[in-house]
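Peer 1: coords below, sequence missing:
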């Protein structure tokens, strides 16, 4: 199953130029505000109250439906499923991008194209450097996240490509 994962980095815009029809589309964080996705992956509960996704993506998050419903003051259904056996280092460094890769794999992806996985600077999907991104998007954080993704790629038995300009 050919899968696209769209994150919030500037290269997410390249998804608009794709020539591939994907079987499964997963949106990370507020990428679902710009692109219709089958699944919405997030860890920060603020995503629910700040952003409205296009369409009705299924939600996978580490939070329970009750917790999300209480935080957002409306009911939510969480399509949680166990990610199964993962490397010991996966859970301590749980970034949303890692979770999206695992969810795609568990849903049956045979290959994954990643958009918006820039992992550099503070720019986002809108092309603007936002305060939110400036506060947490440091070189140190990107280096840790890149190292964890590189480790994950040696473990995943499927092809993963990062689409960038």
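Peer 2: Perfect, thanks for sending it. Being a predicted model, the structure only gives us computed values, none of them experimental.

Peer 1: remind me, longest helix of this structure?
Peer 2: Taking DSSP state H as the criterion, the chain has its longest helix at helix 139-155.

Peer 1: Now it: average pLDDT?
Peer 2: Across helix 139-155, the average pLDDT comes to 83.

Peer 1: Closest to the centroid, which residue in this structure?
Peer 2: The centroid of the chain falls nearest to residue 28 when counting by CA atoms, centre = their mean (2.9 Å).

Peer 1: Could I get the contacting residues of that one?
Peer 2: Applying CB atoms under 8 Å, 6 or more residues apart in numbering to residue 28 gives the contacts 5, 6, 7, 8, 41, 42, 96, 97, 100, 116. (Glycine included, C-beta is placed from N, CA and C.)

Peer 1: Which members of those define the maximum pairwise distance?
Peer 2: 42 and 116 (13.9 Å; CB to CB).

Peer 1: If you count surrounding residues, which of the two has more?
Peer 2: Taking neighbours as other CB atoms under 10 Å, residue 42 and residue 116 compare with residue 116 leading, 28 against 24.

Peer 1: wait, what's in contact with the more buried one?
Peer 2: Residue 116 touches 6, 7, 8, 9, 10, 11, 12, 15, 28, 31, 125, counting by CB under 8 Å, 6+ apart.

Peer 1: Correct me if wrong, but the last one is in a helix.
Peer 2: No. The assignment for residue 125 is coil, going by DSSP: H, G, I helix; E, B strand; the rest coil, so no helix is present there.

Peer 1: on that earlier part again, okay, and which of the contacts of residue 28 map to strands?
Peer 2: 5, 6, 41 (DSSP state E).

Peer 1: neighbour-wise, which of the residues you listed leads?
Peer 2: residue 5 (31 neighbours).

Peer 1: Please report how far that residue lies from residue 22.
Peer 2: 10 Å (CB to CB, to the nearest Å).
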